[in-house]
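Chemist: A predicted structure for the sequence below; I have some questions about it.
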Amino acid sequence: MKRHLKSHGLDLRLLWQELQLPFSLLFITFVGGTLGYKLLYPDLELHRLFFMTAITLSTVGYGDVVGAENSPLAAWYTMVLMLVGMGTSVYAVSTLTAFFVEGALGELLKYSKLKRRIAGMREHYIICGAGTTGVHIIREMSRCGVNFVVLDQSEERLHELREEFPNLLFIADDATDEASLAQAGIHLASGLVAALTNDKENLFLTLTARQMNPRLKIVSKAIDLNIGRRLEIAGADYIVSPNFIGGMRMASEMLRPNVVSFLDRMLRGHENDIRIHEVTLPIGSSQAGKCLGELEVFLHTGVRILAMLDSPQSSQYVYNPDHDHKLAVGTVLLFIGNTAQQRKLIDLVK
């Protein structure tokens with residue numbers, strides 16, 4: 001079932017999709033039955049024919065109001081209409097009962113609430129693909145407490161994720177479709193992760209996302225390193241190859257196991273949210289023009305600055321910067337800490 005919900009209230013289109021067939025059959029039977037009586041009794045008023053059809057279909061037994069018992073053809077027609085009407089009515093009632101008893105209405109209400117929450121998101125992230133790569137992205141973003149929505153075609157996979165993440169926001173649809181991306185709030189999003197199953201889909205997704213939101217930060221998965229250049233042309237800001245990273249990781253395990261163990265515990269630890277974070281001096285920062293030492297970062301936040309970038313566009317890192325290093329709007333500070341310490345540093349550099 002394709003889920004397209006309005007930004008407020010229960011989408012009546014979804015409700016109609018569920019109940020369309022039984023109610024349509026009832027309507028066709030009712031109108032068709034009345035037209036049949038009209039052919040048999042062309043001189044009788046429509047309201048009497050409608051009334052006759054209604055009492056026949058409902059089998060309430062109010063009596064013969066058109067004199068069908070005096071006409072063999074009308075009598076046979078009434079009996080057939082009664083049998084058809086009983087079958088249609090039983091089907092409609094059973095479908096409606098199942099709709100409420102089996103919780104389908106509750107599911108629709110739940111999805112309506114879900115879509116309202118997605119429609120209200122701003123500066124969030126969109127994760128396209130919840131497969132073997134996407135699931136780890138979801139877990140990490142969930143641990144970091146950022147706002148994100150997941151786009152994946154597999155409802156079964158999303159249902160499994162909802163068991164692990166009850167508050168997961170998701171859309172069960174094609175991530176390369178513009179309507180799905182718009183529903184995920186791409187025009188107001190901060191970033192998008194293209195983690196679909198093959199490079200062609202990620203390339204098309206990257207191109208579509210860049211056209212829909214030129215300022216969007218896009219990180220794309222690349223199975224084949226040779227497609228990296230095309231992904232850059234399509235609009236990807238960063239390209240990640242799971243195969244390349246996996247190979248580097250295996251070599252590092254052999255050559256520098258303690259470093260790998262340190263990074264693993266930091267990235268995979270569930271008992272705390274220690275990570276390597278970054279904070280950028282915003283426009284209008286009161287700290288711009290000052291030296292790093294004047295911020296007294298450790299005193300206010302409990303973290304030490306590991307490295308700096310003079311601007312997000314710079315490729316030259318300054319490792320273990322000294323206290324005299326000048327700060328400017330756009331300077332990026334990198335440190336090891338938790339999200340609470342990150343928020344403190346964000347407040348400090350405002």
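Modeler: All right, it came through fine.

Chemist: how about the nearest residue to Leu151 once chain neighbours are set aside, what does it touch?
Modeler: When the adjacent residues along the chain are set aside, Leu151 lies closest to Ala175, with 4.1 Å between them (CB to CB, 6 or more residues apart in numbering). All C-beta atoms are positioned from the backbone trio N, CA, C, and that covers glycine. For Ala175, the residues meeting the contact criterion (CB atoms under 8 Å, 6 or more residues apart in numbering) are Cys128, Gly129, Leu151, Asp152, Gln153, Leu181, Ala194, Leu196, Glu201, Leu205.

Chemist: and Ala175, that one's in a strand?
Modeler: No. Ala175 sits outside any strand when classified using DSSP: H, G, I helix; E, B strand; the rest coil, being coil.

Chemist: Dihedrals phi and psi, it?
Modeler: Listed backbone geometry of Ala175 is phi -70, psi -20, with angles given as degrees, to the nearest 10.

Chemist: One more: Val332?
Modeler: In this entry, Val332 is assigned phi and psi values of phi -110, psi 130 (degrees, to the nearest 10).

Chemist: pLDDT on stretch 301-315, on average?
Modeler: Rounded to a whole number, the mean pLDDT of stretch 301-315 is 86.

Chemist: Go through stretch 49-59 and flag the buried ones.
Modeler: By neighbour count, with 16 or more other CB atoms under 10 Å as the criterion, the buried positions of stretch 49-59 are Leu49, Phe50, Phe51, Met52, Thr53, Ile55, Thr56, Leu57.

Chemist: among those residues, which are in strands?
Modeler: With strands defined by DSSP state E, no entry of the buried residues of stretch 49-59 lies inside them.

Chemist: is it true that Ile336 lies in a helix?
Modeler: No. The assignment for Ile336, made by three-state DSSP, is strand rather than a helix.

Chemist: if I look at it, how far off is Ala307?
Modeler: Separation of Ile336 from Ala307 (CB to CB, to the nearest Å): 11 Å.

Chemist: Looking at the buried residues of stretch 49-59, spot the one nearest Tyr77.
Modeler: Here the nearest of those to Tyr77, counting by CB to CB, is Thr56; it sits at 9.5 Å.

Chemist: Surely Gly65 and Thr53 touch.
Modeler: Heads up, residue 65 is Val, not Gly. No. Taking contacts as CB atoms under 8 Å, Val65 lies outside contact range of Thr53: 10.4 Å.

Chemist: helix/strand/coil for the residue lying closest to Ile283 once chain neighbours are set aside?
Modeler: Setting aside the residues directly before and after it, Ile283 is nearest to Val329 in space (CB to CB, 6+ apart), at 5.5 Å. Secondary structure of Val329, reduced to three states by three-state DSSP: coil.

Chemist: To what extent is Val329 buried, counted in neighbours?
Modeler: Val329 is surrounded by 15 other residues when neighbours are defined as other CB atoms under 10 Å.

Chemist: Likewise for Met121?
Modeler: Met121 has 18 neighbouring residues, counting by other CB under 10 Å.

Chemist: same check, this time on Gly289
Modeler: Using other CB under 10 Å: Gly289 sits among 11 other residues.

Chemist: That one: what's it in contact with?
Modeler: For Gly289, the contact set (CB under 8 Å, 6+ apart) comprises Lys326, Leu327, Ala328.

Chemist: Make a ChimeraX selection of the buried ones in these.
Modeler: Paste this into ChimeraX to select the buried members of these, with burial taken from 16+ other CB under 10 Å:
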select :327
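
Chemist: Sort out which one of the contacts of Gly289 lies nearest His136 for me.
Modeler: Each of those was checked against His136 using CB to CB; the closest is Leu327, at 34.1 Å.

Chemist: wait, isn't that closest one in contact with Leu281?
Modeler: Yes. Using CB under 8 Å, Leu327 is in contact with Leu281, at 6.0 Å.

Chemist: any common contacting residues for the two?
Modeler: Shared contacts of Leu327 and Leu281, defined by CB under 8 Å, 6+ apart, comprise Gln287, Ala288, Val349.

Chemist: Need the residues that contact stretch 192-202.
Modeler: 125-129, 131, 133-134, 137, 175-176, 186, 205-206, 209, 216-224, 227, 231, 236.

Chemist: ok, of those, which come out buried?
Modeler: Buried subset of the contacts of stretch 192-202 (neighbour count, 16+ other CB under 10 Å): 125-129, 133-134, 137, 175-176, 186, 205-206, 209, 216, 218-222, 227, 231, 236.

Chemist: After the lowest-mean-pLDDT helix or strand in the chain, which helix or strand is next?
Modeler: Among the helical and strand segments of the chain, the one scoring lowest on mean pLDDT, DSSP states H and E is helix 104-119, with a mean of 70. The C-terminal neighbour of helix 104-119 among helices and strands, as given by DSSP states H and E, is strand 125-128.

Chemist: which regions of the protein lie under the pLDDT threshold?
Modeler: Per-residue confidence of the chain (counting by pLDDT under 70) places the weak regions at 1-18, 59-63, 98-111, 268-272.

Chemist: residue closest to the middle of it?
Modeler: When the chain is reduced to its mean C-alpha position, the closest residue under CA atoms, centre = their mean turns out to be Phe170, at 2.5 Å.
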